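Asks: how would this look folded up:
(chains A and B)
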Amino acid sequence: MIPTLGHLAVVIGLAATVYAAGAFLLGGRSGDALVLTSARRAMYAAFGLVALACLAMVVSLLTHDFSVLYVARNNATTTPPFYSVISLWAALEGSILFWTLLATGWASLVLYRYRARLPALMPWVGATLALGTAFFFAVMAWPGDPFVRVTPIGLEGNGPNALLQNHPFMGLHPPLLYLGYTGMAIPFAFGMAALITRRTDEEWLAVVRRWTLVPWIFLTAGIVAGAWWSYAVLGWGGYWAWDPVENAALLPWLTATAFIHSSMVAERRGTLRTWTHALVIATFVLTLVGTFLTRSGVVNSVHSFTTSGIGAWFAFAILVTLGVALGLLIWRLPDLGDRRPPGAVVSRESAFLFNNVLFLGVTFAVLFGTLYPVLVEATTGAKASVGAPWFNRVNAPIFVALLFLTGVGPALPWGGASWATVLERFAVPILAGVGVVVAAWALGVQDAAPLGILGLATFVLVVMGDEVVRGARSRARSRGEAAPIAVLRLATRNRRRYGGYLAHVGICVMAVAIAVSATLGIDRTATLRQGESLAIGSYTLTYDQLVTEPLASDPRVIETRAELSLAGPQSGPIATALRDYPNSSTAIATPVVRTALGEDLYVTLLGYNSTAGTATIRVFINPLVMWIWAGGAIVALGALFAIWPDRRRAAVSAAVAARA
Amino acid sequence: MRVPWLRLLIVPLVVLPLAWLLFTGLGRDPRLIPSPLIGKPMPAFVGTTLEGDRFSSADLAGKPAIVNFWASYCIPSCVDEHPVLLDLAERYGEGVQLVGVLVNDTPDGARGFLARYGQVSWPTVLNTDGGISIDYGVTGPPETFFVDARGVVVARHVGPLTAAVVARELAALGLTP
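Replies: Down below sits the predicted model:
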């Protein structure tokens, strides 16, 4: 009954989105307000319907209704309620259902917010969003039906993927990432609408900037949460492996970040407009490519779902989207000419231009590395893989250059700067950077990578600090405000600029943490007998005993854990385990991580011998890792600060509206 | 305003190669990884068998051989392939030599498995330190390697053996039941 209801909701949802797309197109041509209102309401209805379908799936999972194939494959009677609920996005069909929920949610939100604004653009925005969501409904109606039934009905299901029921982060990372992915349809829809209506002016740019930043925040948080999940669950001591699916999330993030920067130039100077449009298109197409890579079985990774017919549908959608969008962009090229000649070499816009070239360089390198195995197999039939060392070597220098620009760009004036200004702005920051490098070297840091990044990050931070101090000082002088209030007012009066600075602070924190943790970590592996110890850094781990018992929360899972006593900082008993899931041929590691401000102690059980009672453990000391997550949070907060509605500006526009 | 029609040719130039790339990638199984050992001499190994005898891979020379990696905890895959192995040993008789290699398992566990699912006529090597699994690049039991009379690996099968796989691989080695 309930699954039938879910299926019905999907089918009606498909009809609603197809209707909405048709009505938006019709209303866009005729300008009939009634038709447009009905189109908008059809999208709200689609959102309600897919929410109903999701609810039907969650109820089926919670009640262990094994008549539904998806539930039989991804749930068991012993699955804890939390993991039952999040199984909604733990496998292919469910994740498409959840994806559709978020996509229609974003579409409804945008259509509602702009129901009385931008009347020329909105019908085309609506049509694009409706077509996009209709595609996902169609996938669920045909090749990826989440409510397929089975007979005979089994008494027990297969249970969720072992990796995905091992950590509560599975409840956080996919929704954040999906919110980012699906939200990128909004700037794309505005971009298409602007090209169709030839309103490629600053108005759409302002809207698109905001609506790129919103999903960008989620995408950033989702990527960082994914790295954290990988660190806390997979037991290999690292957080980023250049896995195809990590790359799939990074690619649209890179182009969206490039867009956020280039759109500032387009808005201020009227240049880079074609380029900015191309980035919006690229971002959306790359989110589709990411979905394709993870859901078609084309590349292998920890995330890839089983091979399915959905791949062909996604490939088709990518090609149509890319073809139409690119065609439209080329068609409208005459409208997109630069309004001003480019500025001087040493100017803020050229810093932004370099920033974009570098972001594009990383995007191309990551895309090439990800698709290279597919390319090799398509041409020669041979298997190939591109490993993390290649990605690191290619991308590290580009990221270093980007970090440098992070400091240079915002301090250079628009139009052009004289060498005297450059010297005046950058002399102190350069000296500070060199000073920190010398100090760190004197304190014993010998590797070039962390030293260089530390110096660069100091340079960037001092440049920004200098900017804030200058601004606050002039404000304090002219208005007689106390220094802290001057800083606060300065920031809240100019949210975009100072939100950007805050995001850059987060990037600096992350850069230092990544460089240090990647180069200065140590690790040791040992097979211990009971009572034996392993010393690493300032810690000593003593192996007490091996315990094998079923998990209290899910008795089908057998946990074997090595109990250890930790001496040194954060001393006490710790346990690191391997869990055997009935539906997984390999045991799943459950590493123990002791986090401190300076370093993480990370202990993972590699293997054990129950007859001899020995345990093989690997211990990592990962310095500064928590600052990667903290830096990610600062980046997201900075962006949030930048887009936070400005009360003063809102009041002004309300007053203007009232007068009109 | 002049519409740049010719430039629209960029669209098929970008889209068509991508279409070819995406669609040829479909329908392949990315998990199917050929073994680098194929066409190379089999990695040699020496060890103790379940019966306590010494076994050397050099003993396999001169006849086609099957090296089968298994474990008692590998249920249901190893249980599924067990009758296939028993049937193969009976039907091909002296034509092919079988040897089992344990993967991360205790001798008692393995003996219990054989007592329950059927005793076998071929030796099983203990592989206590897991070195043989590493040399053969075994990802998990069951996994089977087919070796020709010269000691060269000709095929690798991941997952439980089936009668059809056995017939195909042994026919390629020139053996018939």
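
Asks: from here on, just use CA atoms for contacts and neighbour counts.
Replies: Will do.

Asks: what about the helices in chain B?
Replies: Counting by DSSP state H, chain B has helices at residues B:10-25, B:77-92, B:107-117, B:131-136, B:163-172.

Asks: on contacts alone, who are the packing partners of the last one?
Replies: Spelled out, it's helix B:163-172. Counting contacts by 3 or more C-alpha pairs under 8 Å, 6 or more residues apart in numbering or on different chains; DSSP states H and E, helix B:163-172 is packed against helix B:77-92.

Asks: buried stuff in the helix it packs on?
Replies: Judged by neighbour count using 16 or more other C-alpha atoms under 10 Å in any protein chain shown, the buried positions of helix B:77-92 are B:77-85, B:88-89.

Asks: so which of those sits lowest on pLDDT?
Replies: Lowest pLDDT within the buried residues of helix B:77-92 is found at residue B:77 (78).

Asks: so where does residue A:354 fall, helix or strand?
Replies: If you go by DSSP states H and E, residue A:354 is part of helix A:348-380.

Asks: how far off helix B:10-25 does that helix point, in degrees?
Replies: Helix A:348-380 runs at 50 degrees relative to helix B:10-25, counting by axes from the mean of the first three to the mean of the last three C-alpha atoms, to 10 degrees.

Asks: rewinding a little: okay if I get the helices of chain B as TSV plus distance to residue A:558?
Replies: Converted to TSV, the helices of chain B look like this (distance: least, C-alpha to C-alpha, whole Å):
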stretch	distance to residue A:558
helix B:10-25	38
helix B:77-92	19
helix B:107-117	17
helix B:131-136	24
helix B:163-172	33
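
Asks: pass me the low-pLDDT residue ranges in the chain, would you?
Replies: Went with chain A since none was named. A:294-308, A:338-343, A:585, A:647-660 (pLDDT under 70).

Asks: that's the wrong chain, I meant chain B
Replies: For chain B (pLDDT under 70), the answer is B:1-4, B:27-33.

Asks: distance of the most centrally placed residue in chain A from residue A:386?
Replies: What sits nearest the mean C-alpha location of chain A, by C-alpha atoms, centre = their mean, is residue A:219, with 2.7 Å. In this structure, residue A:219 and residue A:386 are 24 Å apart, going by C-alpha to C-alpha, to the nearest Å.

Asks: can you map out the helices along the stretch 401-550 of chain A?
Replies: Taking DSSP state H, counting those that start in this stretch as the criterion, the stretch 401-550 of chain A carries its helices at A:419-442, A:448-479, A:483-493, A:495-520.

Asks: for these, which one ends up most surrounded?
Replies: helix A:495-520 (a mean of 22; mean count of other C-alpha atoms under 10 Å in any protein chain shown).

Asks: hmm, back to that, contact partners for the residue nearest to the centre of chain A?
Replies: A:176-181, A:249, A:253 (C-alpha atoms under 8 Å, 6 or more residues apart in numbering or on different chains).

Asks: do the same with residue A:360
Replies: A:254-255, A:258.

Asks: out of the buried residues of helix B:77-92, which comes closest to chain A?
Replies: Nearest to chain A among those, counting by C-alpha to the nearest C-alpha, is residue B:77 at 9.8 Å.

Asks: what sits against residue 86?
Replies: Because you didn't say which chain, this covers chain A. A:170-171.

Asks: could you do chain B instead?
Replies: Contacts of residue B:86 by C-alpha under 8 Å, 6+ apart are residue B:120.

Asks: from residue A:621, how far out is it?
Replies: Distance from residue B:86 to residue A:621, by C-alpha to C-alpha: 50 Å.

Asks: phi first, then psi, for residue A:593.
Replies: phi -120, psi 120 (degrees, to the nearest 10).

Asks: surely it is in contact with residue A:602?
Replies: Yes - counting by C-alpha atoms under 8 Å, residue A:602 is a contact partner of residue A:593 at 4.5 Å.

Asks: count the neighbours of residue B:9 for me.
Replies: By the criterion of other C-alpha atoms under 10 Å in any protein chain shown, residue B:9 has 12 neighbours.

Asks: take the contacts of residue A:219 and keep only those in strands.
Replies: The strands, defined by DSSP state E, take in nothing from these.

Asks: could I get those as a markdown table with neighbour count and distance to chain B?
Replies: Shown next, in a markdown table, are those (neighbours: other C-alpha atoms under 10 Å in any protein chain shown; distance: C-alpha to the nearest C-alpha, whole Å):
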| residue | neighbour count | distance to chain B |
| --- | --- | --- |
| A:176 | 21 | 27 |
| A:177 | 24 | 24 |
| A:178 | 24 | 23 |
| A:179 | 23 | 25 |
| A:180 | 29 | 24 |
| A:181 | 28 | 20 |
| A:249 | 24 | 18 |
| A:253 | 26 | 21 |
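
Asks: for residue A:238, helix, strand, or coil?
Replies: coil (DSSP: H, G, I helix; E, B strand; the rest coil).

Asks: for it, give me its contacts.
Replies: A:230-231.

Asks: how about 10 Å then?
Replies: By C-alpha atoms under 10 Å, 6 or more residues apart in numbering or on different chains, residue A:238 lies in contact with A:227-228, A:230-232, A:517-518, A:602, A:620, A:622, A:625.

Asks: distance to chain B and secondary structure added to these, as a markdown table?
Replies: Formatted as a markdown table, these follow (distance: C-alpha to the nearest C-alpha, whole Å; DSSP: H, G, I helix; E, B strand; the rest coil):
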| residue | distance to chain B | secondary structure |
| --- | --- | --- |
| A:227 | 23 | helix |
| A:228 | 26 | helix |
| A:230 | 21 | helix |
| A:231 | 23 | helix |
| A:232 | 23 | helix |
| A:517 | 30 | helix |
| A:518 | 28 | helix |
| A:602 | 25 | strand |
| A:620 | 24 | strand |
| A:622 | 28 | strand |
| A:625 | 31 | coil |
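
Asks: if any of these are buried, give me the ChimeraX selection for them.
Replies: Buried residues within these, by 16+ other C-alpha under 10 Å, are selected in ChimeraX with:
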select /A:227,228,230,231,232,517,518,602,620,622,625
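
Asks: name the element the residue nearest to the centre of chain A belongs to?
Replies: Residue-wise, residue A:219 maps onto helix A:202-233 under DSSP H and E.
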